[in-house]
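Peer 1: build me a structure from this.
(one chain, ligands or ions: 2)
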Amino acid sequence: MTNPSPDTPVIRIRNLHKSYGQLEVLKGVDLVAPRGHVVSLIGSSGSGKSTLLRCCNMLEESQDGEIEFEGEAVRWKGTGHNRHPADKAQVMRMRTNLSMVFQQFNLWSHMTILQNVMEAPVTVLRRDPKEVEEKARAYLAKVGIVEKCDAWPAQLSGGQQQRAAIARALCMEPRALLFDEPTSALDPELEQEVVKVIKALADEGRTMILVTHDMRLAADVSDHVIFLHQGRIEEEGPPDRLFGNPQTERLRGFLSATA
Ligand code: ADP
Ligand code: MG
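Peer 2: Ligands and ions are numbered 1, 2, ... in the order given. Sure thing, here's the model as predicted:
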């Protein structure tokens, strides 16, 4: 991978269109994730937040628009519903550099926590297992669950499982972290332990795209907030303005419904 200049955004998306069959889910969306920034995506259920996040790391294909990873444009072949990535290695590079944390944790139930964290760096990146283990333990310590190394996922609380999933994403040493409603599956008392970890990562200057229903979290950690409505950006801006002085009726309605 070439070394991009620090002001090249990690991800830049222009005019993205995405449909599932006849259903158009993203109708021309732009998104920029500058290095070291946190971009949050908010909006009602079904507005296209998860789809947009999954398009960022090419877990989903899209039918029109441009996606750049560190200044490098995704290469496509074909158009519309026949458009597919032209370069598998490029897609792989994007996926491994844009680690995703899911609402449902998605830990491997047949592996210990340490094995979960080590799995992708060893098998996908082919890193030395000894070095990966050292890093994995350090990331597990960072999220506060190093004592759970040898436990099975089922033996952990939801909050601990999600912190393990964050350690697993960090162990890939990605260029950005993508979070899809990381606290939505958690009981309120466990939510805060995950929020704390996400805030610490933001404070470290990690690049993140965060889909969340937690407006306080979005307000606290974001440099930029995007409000999606039915596959379009209805309003976007710095968190102070979006939450403090929303301009559109739709965002005002959404914020009063989630308050
Ligand atoms: P959000 O994350 O904001 O709740 P999603 O991106 O999950 O929204 O979904 C946006 C729209 O796309 C919804 O109407 C949803 O039903 C639809 N959708 C999402 N995934 C699929 C899929 N795999 N196949 C068909 N429709 C989908
Ligand atoms: Mg979603």
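
Peer 1: which phi and psi does the closest residue to ligand 1 within the stretch 51-200 of the chain have?
Peer 2: For the stretch 51-200 of the chain and ligand 1, the shortest gap (C-beta to the nearest ligand atom) falls at T51, measuring 3.3 Å. All C-beta atoms are positioned from the backbone trio N, CA, C, and that covers glycine. Dihedral pair for T51: phi -60, psi -40, per degrees, to the nearest 10.

Peer 1: which residue comes closest to it once chain neighbours are left out?
Peer 2: In space, and not counting its chain neighbours, T51 is closest to V25: 5.0 Å by C-beta to C-beta, 6 or more residues apart in numbering.

Peer 1: ok so, going back, what's the local residue count around the residue of the stretch 51-200 of the chain closest to ligand 1?
Peer 2: Other residues near T51 come to 22 when the count uses other C-beta atoms under 10 Å.

Peer 1: start at 272, not 1
Peer 2: Yep, numbering from 272; the last one is T322 now.

Peer 1: need the contact list for it.
Peer 2: Contacts of T322 were listed using C-beta atoms under 8 Å, 6 or more residues apart in numbering, and they are K289, V296, L297, E331.

Peer 1: save those residues as CSV, and put in pLDDT too.
Peer 2: Formatted as CSV, the contacts of T322 follow (pLDDT from 0 to 100):
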residue, pLDDT
K289, 98
V296, 98
L297, 98
E331, 96
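
Peer 1: okay if I get those residues as TSV plus secondary structure and distance to ligand 1?
Peer 2: Below are those laid out as TSV (DSSP: H, G, I helix; E, B strand; the rest coil; distance: C-beta to the nearest ligand atom, whole Å):
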residue	secondary structure	distance to ligand 1
K289	strand	8
V296	strand	4
L297	strand	8
E331	coil	8
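
Peer 1: just the closest of these to A490, please.
Peer 2: Nearest to A490 among these is L297, at 24.7 Å by C-beta to C-beta.

Peer 1: go ahead and confirm that closest one touches L287.
Peer 2: Yes: at 5.3 Å, L297 and L287 qualify as touching, with contact defined as C-beta atoms under 8 Å.

Peer 1: what do these two both touch?
Peer 2: Joint contacts of L297 and L287 (C-beta under 8 Å, 6+ apart) are L323, C326, S333.

Peer 1: what is the neighbour count of the closest residue to N387 other than its chain neighbours?
Peer 2: Spatially, and ignoring its direct neighbours in sequence, N387 is nearest to L378 (5.0 Å; C-beta to C-beta, 6+ apart). Neighbour count for L378, taken as other C-beta under 10 Å: 23.
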